[in-house]
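Predicted structure and sequence below. I'll ask about it afterward.
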There are 2 protein chains.
Amino acid sequence: MARPRTAARTVDHPDLAQVDLQQVMEALVDPVRRMVVSQLVRKGEDMSCGRFEAPVSSSTLTHHFNVLREAGVIRQYYVGVTKMNTLRADELEERFPGLLPAVIAACAAEAGAGAG
Amino acid sequence: MARPRTAARTVDHPDLAQVDLQQVMEALVDPVRRMVVSQLVRKGEDMSCGRFEAPVSSSTLTHHFNVLREAGVIRQYYVGVTKMNTLRADELEERFPGLLPAVIAACAAEAGAGAG
DNA sequence: TCCATAATACGACCAGCGTCGAAATAAGGA
DNA sequence: TCCTTATTTCGACGCTGGTCGTATTATGGA
């Protein structure tokens, strides 16, 4: 039957123009979701869902990825069995200038203070 | 009994150093509370509680003022019968650089787009 | 073809939050 | 002293959202 070899599963992403501030704020208000964003920033590379550290079950984590994706904060794509995640930092910067960097900086500052 | 003539009622405000990002994000995630912040910015002067426009009852509005105050976003003080509100913008900027301005700008942009 | 791994879907539960109205409090003025 | 205005307190209610466990799907490799 020659199943397609690549990218059978697709993911929908919103155009940033149709995302409003409320959605982004709701996405970023959850501490687990900010952990996801922070880890993406810290690693500096795309990460599969399974590589994130968070104090919740994997099904809950899936939910958080969905919220982040629907708010335009992350982009997801499949690579074989795994699903990769990347920040939509540039697009978000254009839509809501300074917002994501400020949140990221605050996260980093708190993480640093906590570890000091 | 010579009751004190001024400022009998006092208000407690947190030191910004003891406010964490979670608190500020939770304060700013509510649209009514962002309306309060936006109106303070737009007017450019301290406003009494009764002057704000919001689609909720006054008792609900009192609740929102409390949340904003406890998160260090606004400062409140009594003037006679009324209670005044002012943004703690400078202090907040020192604690979480860029956060409040980014949110305010996003609010203004959406308000402008909506009115256009 | 079968199995192991990665991630999702689904249903359920529970806590927290925003909301209201009514009653209470505080200040100022008549 | 009484009344009016501004704001708060309190209790109640409903809804949303984060959480979990289990079952399911998709992919790649043996």
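Noted; the coordinates are in hand.

Contacts made by the strand or helix carrying A:R33 with the rest, please.
For A:R33, the element it lies in under DSSP states H and E is helix A:31-43. By CB atoms under 8 Å, 6 or more residues apart in numbering or on different chains, the surrounding residues in contact with helix A:31-43 are A:27-28, A:46-47, A:52-56, A:60-61, A:64-65, A:67-68, A:73-74, A:85-87, A:100, A:103-104, A:107-108, A:111, B:21-22. C-beta here means a position set from N, CA and C on the backbone, and glycine is covered the same way.

what about it, near DNA strand D?
Yes: using CB under 7 Å from any atom of the strand, we find that helix A:31-43 touches DNA strand D at A:V32.

Tell me if the helix or strand where A:A105 lies is near chain B.
Counting by DSSP H and E, the element that carries A:A105 is helix A:99-115. Yes: residues of helix A:99-115 are located near chain B by CB under 8 Å from any CB of the partner chain, namely A:99, A:101-103, A:105-107, A:110.

Average pLDDT for that helix, rounded please.
When pLDDT is averaged along helix A:99-115, the result is 92.

okay, now the residue lying closest to A:E53 once chain neighbours are set aside: neighbour count?
In space, and not counting its chain neighbours, A:E53 is closest to A:Q39: 6.9 Å by CB to CB, 6 or more residues apart in numbering or on different chains. Neighbourhood size, A:Q39 [other CB atoms under 10 Å in any protein chain shown]: 16.

Next: the one 10 residues further on.
Look at A:C49: counted by other CB under 10 Å, it has 16 neighbours.

now it: how far from DNA strand D?
According to CB to the nearest atom of the strand, to the nearest Å, A:C49 stands 13 Å off from DNA strand D.

quick one: the residue positioned nearest the centre of chain A from DNA strand D, how far?
Residue closest to the average C-alpha location in chain A (CA atoms, centre = their mean): A:I74, at 3.7 Å. As for A:I74, its distance to DNA strand D is 15 Å (criterion: CB to the nearest atom of the strand).
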